[in-house]
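Undergrad: Any chance you can model this:
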Amino acid sequence: MYKRLCGFAWLFFALSFLILVQQPVSVDAQWNIAATALAVATAIYIIRLEGVWRYVFLSAISIVVFRYAYWRTTSTIPSPDDLISFIPAILLYGAEMYCLLMLALSLFVVADPIERPRAAQFPDEELPSVDVFVPSYNESSDILSLTLAAAKGLDYPAEKLRIFLLDDGGTDQKRLSSDKAAASAAIDRHHELQHLCTELGVTYLTRSANVHAKAGNLNNGLLHSRGDLVVVFDADHAPAREFLRETVGHFIEDRKLFLVQTPHFFANPDPLERNLSTFQHMPSENEMFYGQIQKGLDKWNSAFFCGSAAVLRRSALEQVGGFSGVSITEDCETALDLHSRGWNSLYVDRPMVVGLQPDTVASFIGQRSRWCRGMLQIMLLKNPLFRSGLSLPQRLCYMSSMMFWFFPFVRLAFLVAPLLLILFDLKIFDASVDEFIAYSVSYLIAGELLRNYLYGRVRWPWVSDLYEYVQSVYLLRAIVSVILNPRRPTFNVTAKGQTLDRNQLSELAWPYFAIFGVLLFATGVVAYRFQTEPEIGGMLLVVGAWNLLNLIVAGAALGVVTERMERRQTPRLASQREGQLFFGDERIDVSVEDVSLGGAKVTVLSDMANLPDDRRARLLVNSHSGRGTLQSIPIEIRSFTSSDQGLVLGVNFRAGTQHYATLANLMVADLDIVRKHRAGRQVARGVFRGSLGFIRWGLARPFQAFHHLLFDRDEPSAMPSKPVAPAVYPSGAAVSSEQTRY
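TA: Modelled structure (predicted):
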């Protein structure tokens, strides 16, 4: 009740000011009002006050925002008599109002995010039965073996747990294809994965045809299983042992609960993180969604299914005919259907899976294009605003998640708007320099303060702008295609596990160079016109600064599309597990520092006078709980170096199917170190420091990009470590390693 009263007070004071701001006062007075509000907000931001001060901060920011919106609507739009200026002016105004609408929706969502307590723990005999689904289309057996072995090793009563590999790459349709090469590959995959499942003790399941893509594959799993609960792990999402213990209890406590969603954590950097070298110290892109937005959605019973790392109730799914398949984002669509039937959802903010994300810019854009098209499909075909059974907060939450994907149009408007004045002398913003500073500049400052206050620990300044700009260049066409034909989009599989044998430009890079060139040319025009047309010098400075900001973002994007070499086929996870190396009868104590599917780095803890001539040995690793040991893994030493901690060995695993359970336990059974890594990156970077760092990207990265453009004429070389190239389902949909939309 106290928080609700604070929320009403925030809204009351903000709306009261909206009435007061309509009174005619001077520009200086308006600037003083804005400066006062910003001073209050800045003080709260610097001291990092929370509680009731959060609402005071939001009220102060709302004053600046409402004030700008009123001024922008009533005083800045040019006359309709000049259509050449009026039409682009209205388009820009519409883009800004969209931003204000999304700001209002996002504030509603995240104003008071919920923190869930740990799931209640129940005796084994009271726990429900669980079926684990691992849907797959074309992922390699190595990736699948880790996920299946980790799922098999979940801490849960064995008689109540069944694991299913849902293979959509070995269907009858594919094995009987008229394309003999494709049919042969499907047959080989079918036999290989059947053998793998037999060795691991899990159930292999395929179907006759690839109908309705991932949703159809999951529904086929429902038909052949009977567990009370269903867990979905994407093919590359290996779970920690505690996953079920930290989620299932919520279903026992709430009989109307249909979903417990947990965050996705990724072992490898996305293209921006890798190419800008930020993965080790900057919060990943998805942490804003999983660290703040999902908790805000959870507050309003609107946390939605993200395709993987989730537990669902079978009886709820059966009520709506299984997983929904009208759109190509079956996860959010399924959640919408179940929320509208009165079922509840819940979000547990504890990373308990490790997965892979796209390695190259092309696969990254392809993945985001699918998310974008799928969310817009749902909005057009199953609009939450008109969906019966949803509460008003749920409607607003779903619309916020779906309308977000119109951001490419906004990015285009903000990119083009300053060019219209600089290059064509169109007056699309009717305001003096003083008014622009008093209203627009204060509004921009307020926006950055707000973003940093709400999301500072999970998103550094301007990084959202960079992610959106990189995506916008290619998502515009995707949005238009969905608007023209909402049922047309096809579900493409995201390529993962790719490697690059050298630094190179992405095959999608050329539009980013073209845009950068136009913005750079416009900057030169500003400098020329400032010298030759002093009567509009003030406005040229304002618009030139806007264009310069766009140029910095475009320059940083050139760094993103300059892809860095990555030869490692599988990412490594920090481990810190103790064990022993056995060379025949000789035992050496070691500590495993990091590990991947292919090998590990180990530090020798005991004295070792000489490295044995035989580089082959056995690695025996202690269990993560410290109780007992695991089966040994045959290894081969490939390198050794000295460090302050001692001799460090690089080893390759010579593992067979019988060792997958040990590898899974070693890599993902205990994710405390992974969680510490995630928490260690969640450190706020202030607006000033963050802006300086972003400017450095924008100024320095273009030089590297143009060097590749001018001097590197070789063909791009992206090498999949296994056959995981993008593919399209024959039915017009597909299955892949899913992340979430935000």
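Undergrad: Residue 204 belongs to a strand?
TA: Yes. When DSSP: H, G, I helix; E, B strand; the rest coil is applied, residue 204 is found to be in a strand.
Undergrad: so what's it up against?
TA: By CB atoms under 8 Å, 6 or more residues apart in numbering, residue 204 lies in contact with 164-165, 167, 193-194, 196-198. Yep, even glycine has a C-beta here, placed from its N, CA and C like the rest.
Undergrad: and those residues as a markdown table, adding distance to residue 396 and pLDDT?
TA: Formatted as a markdown table, the contacts of residue 204 follow (distance: CB to CB, whole Å; pLDDT from 0 to 100):
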| residue | distance to residue 396 | pLDDT |
| --- | --- | --- |
| 164 | 37 | 98 |
| 165 | 39 | 98 |
| 167 | 40 | 96 |
| 193 | 44 | 96 |
| 194 | 47 | 96 |
| 196 | 46 | 94 |
| 197 | 44 | 95 |
| 198 | 49 | 95 |
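Undergrad: how about the residues you listed in JSON lines, adding secondary structure?
TA: Shown next, in JSON lines, are these (three-state DSSP):
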{"residue": "164", "secondary structure": "strand"}
{"residue": "165", "secondary structure": "strand"}
{"residue": "167", "secondary structure": "strand"}
{"residue": "193", "secondary structure": "helix"}
{"residue": "194", "secondary structure": "helix"}
{"residue": "196", "secondary structure": "helix"}
{"residue": "197", "secondary structure": "helix"}
{"residue": "198", "secondary structure": "helix"}
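Undergrad: Could you turn the buried ones of these into a ChimeraX selection?
TA: Entered in ChimeraX, the line below selects the buried ones among the contacts of residue 204, by 16 or more other CB atoms under 10 Å:
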select :164,165,167,193,196,197
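Undergrad: Among the contacts of residue 204, which one sits closest to residue 56?
TA: The closest of the contacts of residue 204 to residue 56 turns out to be residue 164 (CB to CB; 51.9 Å).
Undergrad: tell me, how many neighbours does the nearest residue to that closest one once chain neighbours are set aside end up with?
TA: Distances taken as CB to CB, 6 or more residues apart in numbering put residue 203 closest to residue 164, at 4.8 Å, once the chain neighbours are dropped. Counted with other CB atoms under 10 Å, the neighbours of residue 203 add up to 17.
Undergrad: Show me the shaky parts of the stretch 601-742 of the chain.
TA: 608-613, 624-630, 713-742 (pLDDT under 70).
Undergrad: which residues in it form helices?
TA: 660-668, 672-681, 687-711 (DSSP state H, counting those that start in this stretch).
Undergrad: now the one helix or strand residue 98 maps to, how far from the chain's geometric center?
TA: Using DSSP states H and E, residue 98 sits in helix 83-110. Relative to the chain's own centre, helix 83-110 is displaced by 25 Å; criterion: CA atoms, centre = their mean, to the nearest Å.
Undergrad: swap in stretch 655-673?
TA: Per CA atoms, centre = their mean, the displacement of stretch 655-673 from the mean C-alpha position of its chain is 25 Å.
Undergrad: could you dump the helices of the stretch 601-742 of the chain to a markdown table with mean neighbour count and distance to residue 621?
TA: As requested, these are exported to a markdown table (neighbours: other CB atoms under 10 Å; distance: least, CB to CB, whole Å):
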| stretch | mean neighbour count | distance to residue 621 |
| --- | --- | --- |
| helix 660-668 | 24 | 5 |
| helix 672-681 | 15 | 14 |
| helix 687-711 | 16 | 40 |
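Undergrad: Minimum distance to residue 75: which of the ones you listed has it?
TA: Of those, nearest to residue 75 by CB to CB is helix 687-711, at 28.0 Å.
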